[in-house]
Each structure stands twice: as structure tokens, then as C-alpha cells.
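# Would you be able to build a 3D model of this:
(chains A, B, C and D, ligands or ions: 6)
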Amino acid sequence: MSTRVQELEAPILERREPAAGHVELVVEAPALAAARPGQFAHVRTPGTLRRPISFSRLDPGSGTAGLLFRVVGSGTAWLAERQAGERLNLLGPLGRGFPEPPADRPWILVGGGVGIPPLYAQAQQAPAALRPAATAVLGARSRALLVMEEDFQALGLGAVVVTTDDGSAGEAGTVLGPLAAWLERNPGGVVYACGPTPMLRGVAELSQGRAEAYVALEQRMGCGVGACLACAVLAHGPQGPHYRRVCRDGPVFAAGELVW
Amino acid sequence: MSTRVQELEAPILERREPAAGHVELVVEAPALAAARPGQFAHVRTPGTLRRPISFSRLDPGSGTAGLLFRVVGSGTAWLAERQAGERLNLLGPLGRGFPEPPADRPWILVGGGVGIPPLYAQAQQAPAALRPAATAVLGARSRALLVMEEDFQALGLGAVVVTTDDGSAGEAGTVLGPLAAWLERNPGGVVYACGPTPMLRGVAELSQGRAEAYVALEQRMGCGVGACLACAVLAHGPQGPHYRRVCRDGPVFAAGELVW
Amino acid sequence: MDLSVQLTRDWVLPNPIIAASGTFGFGDEYAELVPPERLGAVAVKGVSPDPWPGNPPPRVWETPAGLLNSIGLQNPGVDAFLRDHLPALVERGAHVIVNIIGHTVEEYAEVARRLEGAAGIDALEVNISCPNIKEGGMSFGNDPRSAAAVTAAVRAVTRRPLVVKLSPNVTDVVAIARAVTDAGADALSCINTVVGLAIDIERRRPALGGITGGLSGPAIKPVALRVVWEVSQAVPVPVIGVGGISSPRDVLEFLMAGARAVMVGTLTFRDPGRLLELVETLPATLAAAGFRGPGEAVGAAHPRHWRREAADLPEDFV
Amino acid sequence: MDLSVQLTRDWVLPNPIIAASGTFGFGDEYAELVPPERLGAVAVKGVSPDPWPGNPPPRVWETPAGLLNSIGLQNPGVDAFLRDHLPALVERGAHVIVNIIGHTVEEYAEVARRLEGAAGIDALEVNISCPNIKEGGMSFGNDPRSAAAVTAAVRAVTRRPLVVKLSPNVTDVVAIARAVTDAGADALSCINTVVGLAIDIERRRPALGGITGGLSGPAIKPVALRVVWEVSQAVPVPVIGVGGISSPRDVLEFLMAGARAVMVGTLTFRDPGRLLELVETLPATLAAAGFRGPGEAVGAAHPRHWRREAADLPEDFV
Ligand SMILES: Cc1cc2nc3c(=O)[nH]c(=O)nc-3n(C[C@H](O)[C@H](O)[C@H](O)COP(=O)(O)OP(=O)(O)OC[C@H]3O[C@@H](n4cnc5c(N)ncnc54)[C@H](O)[C@@H]3O)c2cc1C
Ligand SMILES: Cc1cc2nc3c(=O)[nH]c(=O)nc-3n(C[C@H](O)[C@H](O)[C@H](O)COP(=O)(O)OP(=O)(O)OC[C@H]3O[C@@H](n4cnc5c(N)ncnc54)[C@H](O)[C@@H]3O)c2cc1C
Ligand SMILES: Cc1cc2nc3c(=O)[nH]c(=O)nc-3n(C[C@H](O)[C@H](O)[C@H](O)COP(=O)(O)O)c2cc1C
Ligand SMILES: Cc1cc2nc3c(=O)[nH]c(=O)nc-3n(C[C@H](O)[C@H](O)[C@H](O)COP(=O)(O)O)c2cc1C
Ligand code: FES
Ligand code: FES
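Numbers count the residues shown, from 1 in each chain, chains lettered A, B, ... in the order given. Ligands and ions are numbered 1, 2, ... in the order given. Below you'll find the predicted structure:
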């Protein structure tokens, strides 16, 4: 599944601005291009810590990988200024990604905001034959902040549904509406989700007992490789709740493993 | 004499590399261009503190000033990467510069390494009629590290003498040789010096009792405006040695004021 | 937005941004760049009864996101301060806090006494980080008893608001805070610098002439916030936060941690203009965080205001 | 250049660069990036007799040139360490320092006792910054008596070299250093993290789940150097420097301040590759400063080596 973790200087091949305040950098890095969707790179910035960013697209053929991020603070602001031709110092591929999509059941991708990119990678890496069984639900606060819709449209999925909080694109509301309807119609399907924690909590609640659900989490990280125990998330264990590491045991967890 | 201290964003008009590891930036800043030679600007860099740099040239007509520095650490390394068109945040003009050269006596400029630039400004700002009475002694470790010799040659001074430690240009040895000879020939002249402390100590010793000597000092600085008392230098006082401020009481002092 | 802050019953500042002691001189040196009357107040450089010579240079050294200094409390003495510096500040209408220092309890009291007659002083700030020469040079601020002794001695001779400036270089800062509050402090400023050292590799010596020095700047912001957090919840008097402030959000962090006003020191050297900017941008910063004024933000992160969050632990946590 | 350093009579490290405790896990997590056997040694994450759950997240927060952490000493316990982690490190040929923690003096001794039988452990490092649950949660390291008690208890059950790791959050670190040395420490590591806090403005809470946390990284380098300077001149045992190291020159500063070896922590997160680079570039760095090996640099900035400089004060200084 995942290749060996490396620290590498990856040249930036392309820089795009897929939405206001969002940047996607495509880097040349064969070691990362072979990653599982849902895995991430730990990106060096001028700060004390690296910044974890999931792969937005993976192309093992050309040895390239994408990093799509929203500018929220000093690290992403610095990253957003990087240009094609410069190099990024990346640690990766890290963590445990999404399992491969099912061959025999319907599946759904539920992404909110910058939770959308890793789900694109998941759809992109799925065998073409499995894509018609997939639905993508892409949520954003408004049309101007929606990323990768066209990329999803080009994949030949069964359906691509858009929701916006303000109704400026697709259905007004959150991704949970279309997910609930889908769960209704597709008992026993598989859910892959990434987005803000309240959204993931909703996904977990809706899916419970109805679908196998996998969620990709965010947590503040130190090392990114499992050494420092910074990225704790509360999970159910044999003796009650205990902490697991988002960077190594995740970022993808079965929704039922976690304490919500 | 000096204009009001200002914090200003000065556009860089020109960037030169006058010698290996040396950069001169010419900025547009009328408030600084009116400074006295020997005064300095406190230059903002990414570090916690600003960096003090003397004016290497002053042109009140065009409102420009030069900053010539050697790359020695993080701040000057950052400064050396700045390009024409960018802006520098400068505080200045600061400190007390050299007195105007004498109208009736011979004078000499003694500069070592990056002590040369403020002396160029002193010669440049002297009325043309006084320049033939001036000698410049420019010292460097080797030819490759010598700055501003051609600038000095173009001013019409009485003489321009070069010394290098290794003899690769001009006389082999330090500036103190030519200074001693000049003092011999020109009793009662005026000496202006800037350079490393051991050199200035030599200048002070040679000049004592023979010439009026002014030296421009370096000291680690905090504020640059006289508020923090960081830039202490030991000077003679009525009740014995006491500390004075290089940034405000200097950087130029009469050599006899200081405890060497 | 009304930025005024009340520190004691009869001490109100026009805004909560104060120039810290030692980085703003006596207010005149920076006046062309930063009109002192537009700040909440100016804490002047520490003054002693007689002039102090200070430490040998180098006196400052840059460190990562910080600054080490060993000025050694050089100052011209209280009489020169009153004669040469205070009048200009008062004439400009600046709010003045006089930082006072001494080598003995008596010296502190002596400075306070000589200041008592002067007009135009808002408050005294006692810098208890001075070496106590009668007790082997240990800092007054390192021991609750000597810190309280200095406070009580100054309290006895002044009716002005009395701020005591705490040192972070102690095992139990809350014990010192309680001791000086019991001894009569009206407010506490937290923190003075953290003791540090750097080596000058080329000279094969400590970088500073004074060998050790005080660390200031953004590097110590977390330490200062921790002390403000602890002290503001332990004593009934207002706390003034100081240490590493360089942005409007830093000011807000200090207020939310429990400070009623802040002092800005090291930032002044790099960005003198930023002092007034902090005053000017504070309303927008407060508003963006949902506060209608500085007072509302004070202590807003304290546990008594918390609501339960998902991250809070479940009952059966092991 | 021979980089080996002798720490005690029978404890020699191949080079003076040690991975600090808590930032290098148990040595296996980073092994693909940083082969632990090429470092001077690896100090593993603190281990307790039983598993400790750790603190609620967030557990790290970036600060200027620094990092706050409140991991809360989560660890799987000494038995799991011996079973799941130590063998791989030993097999690789790494030099292993086991960092030990406890809530009581007995717990510390218990960990040391259970480690005594295991092969392949170079030394024990006692982290005395743990809360002493029998004495109201105050850190063992904040008081000379409790620090000495822990040291003596561990000393009684181990014959291995015993390093005690000092906390900087005390008024008098030299007193602690003397107490633990008298109680049997063979070496001291200086320093553990500095207590700090940050506020999450949006959540209106302290940023860390554990409220306060430990500050590490370049921000604290001056504090660490100061402690190394003071302690190395006060006690006869070797000192290991730790705090904010990120460059070869930082390593040299620590050696010259009096450290015989160094530990590198927070740097690992941003630049894991730099750990080996520090080993590889040390010879050139030492040589450029005129040292023929690490040993020559140890304490080279101490006063006994000074020559008189122009900046030294004249006799008649006032
Ligand atoms: C496994 C994983 C995958 C991620 N993938 C993406 C992605 O594909 N696209 C994207 O836009 N964002 C992603 N994030 C979030 C991204 O890491 C943060 O937005 C980013 O670190 C913010 O850095 P900053 O310096 O701009 O913000 P600041 O707030 O200045 O950062 C300060 C510190 O907080 C950390 N931090 C801040 N926000 C977060 C967060 N949400 N999660 C984790 N750490 C945070 C930073 O890493 C840094 O250490 C992911 C996070 C994780 C854990
Ligand atoms: C009044 C004055 C005028 C100067 N004029 C010039 C000039 O015209 N050209 C030139 O090349 N240099 C000049 N210098 C020296 C120049 O300031 C330093 O070389 C520069 O600050 C080094 O900064 P850095 O970040 O590259 O070095 P670092 O060593 O990384 O700097 C660390 C800190 O030490 C200070 N520092 C280091 N060296 C010196 C020094 N020699 N003097 C004062 N502070 C120092 C820095 O300002 C900074 O605060 C002058 C110094 C003074 C005091
Ligand atoms: C150069 C310098 C001189 C200082 N002098 C004093 C002083 O005389 N009295 C005092 O109480 N604090 C003094 N301080 C401490 C500051 O007032 C302040 O508490 C500390 O620097 C932390 O704030 P900062 O990080 O904003 O600088 C001084 C600090 C510096 C940097
Ligand atoms: C995330 C983290 C976890 C740590 N855990 C431990 C620990 O378990 N035991 C210990 O003695 N020190 C621990 N430390 C302290 C470090 O070993 C080191 O003393 C400190 O971080 C200063 O060094 P640095 O600035 O190089 O990180 C930890 C530090 C960090 C950042
Ligand atoms: S970030 Fe270090 S263990 Fe996950
Ligand atoms: S640098 Fe502040 S007084 Fe000179």
C-alpha cells in the first residue's frame, strides 16, 4: 500500500488557484505519487512545525501528486506564495489512507471545504469500473469557496451533488442532507468522508448501523510519523476510551472506532 | 545638521556588488539624503533587531543615499538579497556624524574594510575646494575585498593611498603605516577614521597630541535612538570613565574622549 | 470603541497599550516617532536614588525570536530624571509610570519618597528583579519575603497606585504575587525578562558583557501568558501583561489570559511605529473576536467562562 | 576527527548528538529517516510503571521560534517498552537512554528496577518534572529534597549511569543540581521545557488541552545555555545540554557553555534529516572554531579560559 516514508525536495510543477483563498500545488515526487488517497505529506514551512496536507490528486504514472489547501494562517500563507519551479521539502507519504472502494456495493464520497481534495484522490484512484457506483457530495460555504467540482465531474461517477450553506451553488444546506437521502436508498453502502469535525460527527451518526463509514480527521501535529503522540484522538478501546494517533493510526478511521 | 528622525519605506533604486561579499543598495529617501556623513540608518530585517548601516554616499539633490555592507550574518545576508524595486524599512538619520572638514588645514580619511563607506560620504560632501587638502587611506585584507577605491579616485582628493594586508593591492600592511607618515608631514591636521576597533585604537594612539582625530565606532545596538542604553562605549568623564551611547552621542567621537 | 481601562479606583488609562520600562527610555528619545501621549502610558527606564553605571558591553544579543540584554540598569538617578526628563513627558500630556529600582529596601523607598512631590506621575512600578546586595546579590523578586519587604517599604511612602513587576525566574510565581499583593501592591505587571545566556563563539566568551542577561521578545510570550494566567486567577488586583507582544492578536491573547492592560517592550526596537498601530487596530481586533471593548476580553479564556466542548473528556476515560 | 565523548568512567558515546526524550518516540517511528544507531544515543519517550493516558488534545501549539506541548507523558508503560520497542533499537546497535517517569518516588524506582535486567540500555535519564501526586501535584524537580529523593531511590536500584534531567522552572537550579548530584546522579541533562501557555482566541480557551504546556525549540535556547553555564561550573559531573538546538553552531555554543554532549528535540519535527547532519558537520564546525575535537570545546567559554580584552573595565571605572 504505502511506500517508505521519505524526506524529499519536490519541485513544484504547477500552481493553481482553484477558489478564492485556495491554492493547489502539483509536485513531482514519485515516492508520494504512489500513496494511498487519504495519506498526507508533512510540508516544511518557515515555522517550528511542518503542516500536514492531504494529497488532492495522485498520478503514479507521471510521478506527481497534488496538495490543495486553504490559506488559514502563517504556514499556508507562505505555501500559497510558492511558485512553479521552486522546491518544497516534504515528508511522506504519511498515515493510513482510505481503504479501496468496494467492488460490489455503492459508495459515497462526502467532502466539506478542504475536506474535498483527499476524496477526489480516492475517486481518481478507484478503478474506472467502480466509479459509476459512486456518488460524490461536495459541500462548501458558498460557490466561491467550492473546489474540484469539475475534476469530479470528469471522472464518470454515478452522481456529483453540490451543497452550499448559502445556496449559491447546488442545494442549499450541508452535505448531510444528500448523505441521509443516499443512506436511505443505499443500505449497506460505504461512506468516505473528510471535512470539519461537526460535519464528520454528523456523518458518523447518520451512518451508524446503516453503512460502513470512514472519516479522515485533522489534529494538530508534531512529528507526523507517530513518535511524539501530539495528534491524539479519542477512540474506543477494549478497556474504554483511549488515545490514538491521527498521523499514524489515521488520519482515516472507521467512524465507529472513534469517540464522537 | 541632521534632519528629524523618521521611520520610512525607502525604494531601492540600485543594487551593486562592489566587492566579493559586499553589497551597496542605493535608496530613494530625501530625509536620509540630507544626513551628515557618519550618521547611519537602522535597517529593518526579519530579526528581532534592526541593523545599523552608515551612509556610503549622500545626494541631497536627487534625494538618494547609499548603504554599503559586508555580509557577515543573517541580517546582512537577507539585505544582500534585496533587489532594486523593493522597499527597505529604515529608521534615520541617526547619531552624530563627522564634523565638516577644516577649511585651513590638511585632513585625512582612514578607512578599514567596511569602515571605508562613511569616509567616502565625508569626502563626497566636502566642498570641492577643500578636497585637494585631503588624503584618503583605504585598507583591506586583500584586493578582492577593497571597496570604493574608484569612487575616491574620482573626487579630486590630494591623494588616495591603498593598503592591503597581503600586498595584493597598494602597499602591503595596514592603514596605520601611511597614517603615521602623514601625521609626520602634517602636524595639526584632522583625522577621520572608521574601521575595526584595533585599527581605531591605533589611529587614536598615533594621533594623540599630533592631530585632531574623529573615529566612527561600532557597537551592538537595540533602539538606535538613545532610549535603551545598549550601545555603551567607555568614555572619559569629569568623574572618571563612564558609558556613552554610540547611537546618539556617537557613532563619531573625538578619539580623545574615549577610553581605549 | 472606548478603549479606556480602569486599573485601580482612581487610575484610568486612555487605552491599554503601555510602553514597557527600559525600551522606551524616558519617553523623549522616541518622541519624534511615537508621541508618548497617544499611548495608554509610558513606563520609564528604572530609576535609582543615585546614578548607576550599568554593565560592560556588549549589552544586547539577538536570539531566535528574542533578545538578550544586560544593560545593568544604567540610569542617571532619580534627581536627574525629575530634572531632565519628567517635565517634557508631563508637558506632552503622557501618562507616566515610574519604574523604580534599588540595591536595598531603603533605596527603593528612597526613590519613591523623592518622587512623591512631583506632579504628573500616574503610578510607580517596582522592579523587584534587582540584586539584593545585602543578601548576596539574590534578586528581591526571587523570594516572597524580600519581594514583600520592598513592596511594603514603597507602599509606606507613596499614595500613588503601586504596581509590582514580577520576575518569571521563580519556582512559584503565585506565592510572590500573593506576598506583594498582601504587602500593598495595587496591580502586578507580569513579566520581567527570563534569565538567559548566549556564547560568542569567535570571542570564546559569553556574548554579553554582563555574562547572563534577560530574555525578552516573542520567544517569551508563552511564559508571560502563563504567568498572567496563573496570577490573574490567584490575586484580586489587576494584572498588566508584558512579554513578547508584537501584534494586535498578541494583545488580545494577554487580555483573554487575564491582563487588564499590556506593556510592549522589545517590539519598539524593530517597529516603533507598531506601538501606535496596536492602539489603532485594537478596536477592530476586539470586534472581530466578538468583544465590545477591552474590558470584556479580560479573562475571557478563564475556566469560569468555558462551555463544554467535544474535546472534553468522557466520564469513562482511562 | 574523533567525535566520541566520555560521559562517565564506563560510558562513552560515539558522538555527542543525542535524540532528546519525547521527540524521537521509541526510535522506531523515525528509523526510516534517521537511523538511530548513527546518533550518539537515543533518549526514548518517558516510561512509567503502568501505561499513562496523556492529556486531552490539542497537545501541541506553535509559538514564535518555539513549540508548546502538553502530551501529558502518555506512554504504554515499561513492560510494553521492553517487549515492543527496546529489542529493535538494541538490534540496530543504537545507544539507548531510557527516560523514566513516575507519580511517586516508588514509581520511579519501580521503572528502574524493571529495566535493570534488560540488555542494551546505556543509561537511565530521570525526568523529575513529573507532578508529585503525594504532594499536591508539585513537580519533583521544583524542590531540592524531592528531586534528591527520586534520584536516591533510582540510584539504589540501578548500577547503570544515571542522568537526572533538570527543570528550568525553578528559582535556584544550581541548588537542585547539587542536591541530585549528592544523591547519586552521574550526569545532568539541562533543560526540560519551560512552562508556558497560549490562548486560542477563536475557542476562547487555552490552546492546549492540558492548559499549560512545555515550551521548547529555539526560543528557549538562551535559557538552556544559561542553565548549562551555571550548572556545569557548580557540579563535578558532566552536563548534557538540551534546548533549542538547530544548527552546528548551536551545538558548539552548548559545548563551550559547558556541555559534554547535547540532546536535540523539537528540531526533529521540522528537520529530521538535520539530526544526522549535525553529526556530520560537527568536525568542520569544531575545526573552524579552532577545536581539535568535541572535548576541547567543553567549557571553552568559562572564565578560567578568558584572556583580558579591551572591553574589560579599567580600574577607575565609576
Ligand atoms: C492529516 C491532515 C490533512 C490535512 N489536509 C489538508 C488539506 O488537504 N488541505 C487543507 O487546506 N488543509 C488540510 N489540513 C489542515 C492544515 O494542516 C492546516 O490548515 C494547516 O496546518 C494550517 O497551517 P497555518 O500555518 O496556515 O495555520 P496556523 O493556524 O498559523 O498554524 C499554526 C499551527 O497549527 C496547526 N494547524 C492549524 N490548523 C490546523 C488544522 N486544521 N489541522 C491540523 N493542524 C492545524 C498548523 O499545522 C501549525 O502547526 C490537514 C490537516 C491534517 C491533520
Ligand atoms: C553605527 C554603525 C554603522 C555601521 N555601518 C556599517 C556599514 O556601513 N557597513 C557594514 O558592512 N557594516 C556596518 N556596521 C556593522 C553592521 O551593523 C553589522 O555588520 C551588522 O549589523 C551585522 O548584522 P548581521 O545580521 O549580518 O550579523 P549577525 O552577527 O547575525 O547579527 C546579530 C546581531 O549582532 C549585531 N551586530 C553584528 N555585528 C555587528 C557590528 N559589527 N556592529 C554592530 N552590531 C553588530 C547585529 O546588528 C545583530 O543585532 C555598522 C555598525 C554600526 C554600529
Ligand atoms: C533593553 C531592555 C531594558 C529593560 N529595562 C527594564 C527596566 O529598567 N525595568 C524593568 O522593570 N524592566 C526592564 N525591561 C523589561 C521590559 O520592561 C519587559 O518586561 C520585558 O522586556 C518583556 O517584554 P517584551 O518582550 O515586550 O520586551 C527591559 C527590557 C529590555 C529589553
Ligand atoms: C513533544 C515533546 C515531548 C517531550 N517528552 C519528554 C519526555 O517524555 N521526557 C523528558 O524528559 N523530556 C521530554 N521532552 C523535553 C525534551 O526532551 C527537551 O528537553 C525539550 O524539548 C527541549 O529541547 P528542544 O528545544 O530541543 O526540544 C519533550 C519535548 C517535547 C517537545
Ligand atoms: S504527530 Fe507525532 S505522533 Fe502524530
Ligand atoms: S542602541 Fe539604544 S541607546 Fe543606543
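
# and residue A:105, how many residues sit next to it?
A count of nearby residues for residue A:105, using other Cβ atoms under 10 Å in any protein chain shown, gives 15. Placement of C-beta: from N, CA and C, glycine included.

# Please read the previous query as pertaining to residue A:104.
So residue A:104, with other Cβ under 10 Å, has 7 neighbours.

# One more: residue C:120?
Residue C:120 is flanked by 13 other residues according to other Cβ under 10 Å.

# What distance do you get for it to residue C:37?
Taking Cβ to Cβ, to the nearest Å as the measure, residue C:120 falls 12 Å from residue C:37.

# Not counting residues beside it along the chain, what's closest to residue C:16?
Nearest-residue entry for residue C:16: residue C:261, 3.9 Å, with adjacent residues in sequence omitted and distances by Cβ to Cβ, 6 or more residues apart in numbering or on different chains.

# can you tell me the helix or strand for the closest residue to ligand 6 within the stretch 151-260 of chain A?
At 38.3 Å from ligand 6, residue A:222 is the closest residue in the stretch 151-260 of chain A, using Cβ to the nearest ligand atom. Using DSSP states H and E, residue A:222 falls within no helix or strand.

# and residue 244, what element?
Since no chain was named, I'll use chain A. Counting by DSSP H and E, residue A:244 is part of strand A:240-245.

# Quick one: check that strand for contact with ligand 1.
No - for strand A:240-245, no contact with ligand 1 is found by Cβ under 6 Å from any ligand atom; the gap never falls below 11.0 Å.

# Can that strand be said to contact chain D?
Yes - with Cβ under 8 Å from any Cβ of the partner chain as the measure, strand A:240-245 is seen reaching chain D through A:242-243.

# what does the average pLDDT come to for the next helix or strand after that strand?
Remark: after strand A:240-245, the chain's next helix or strand is strand A:252-254, criterion DSSP H and E. Strand A:252-254 carries an average pLDDT of 98.

# repeat for stretch C:53-61
For stretch C:53-61, mean pLDDT is 96.

# quick one: the helices in the chain?
Defaulting to chain A. Assigned by DSSP state H, chain A shows helices spanning A:30-33, A:74-80, A:116-125, A:149-153, A:176-185, A:197-207.

# meant chain C actually
Secondary structure of chain C (DSSP H): helices located at C:78-80, C:86-92, C:105-116, C:144-157, C:173-182, C:221-232, C:248-257, C:267-270, C:272-288, C:294-297.

# what's in contact with the shortest one?
Okay, so that is helix C:78-80. C:47-49, C:51, C:100, C:110-111, C:114-115 (Cβ atoms under 8 Å, 6 or more residues apart in numbering or on different chains).

# Most neighbours among those residues, which one is it?
residue C:100 (31 neighbours).

# Is that residue in contact with residue C:123, as I believe?
No - taking Cβ atoms under 8 Å as the definition, residue C:100 is not a contact partner of residue C:123, at 10.7 Å.

# Would you convert the helices of chain C into TSV that also reports distance to ligand 6 and mean pLDDT?
TSV is the format used below for the helices of chain C (distance: least, Cβ to the nearest ligand atom, whole Å; pLDDT from 0 to 100):
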stretch	distance to ligand 6	mean pLDDT
helix C:78-80	16	97
helix C:86-92	17	96
helix C:105-116	22	97
helix C:144-157	28	97
helix C:173-182	29	98
helix C:221-232	22	98
helix C:248-257	23	98
helix C:267-270	8	98
helix C:272-288	12	97
helix C:294-297	30	97
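
# which bits of chain A sit near ligand 5?
Taking Cβ under 6 Å from any ligand atom, the part of chain A that reaches ligand 5 is made up of A:221-224, A:226-231, A:245, A:247-248.

# What distance do you get for residue A:23 to ligand 4?
Note on residue A:23: its distance to ligand 4, by Cβ to the nearest ligand atom, to the nearest Å, is 30 Å.

# Thanks a lot, catch you later.
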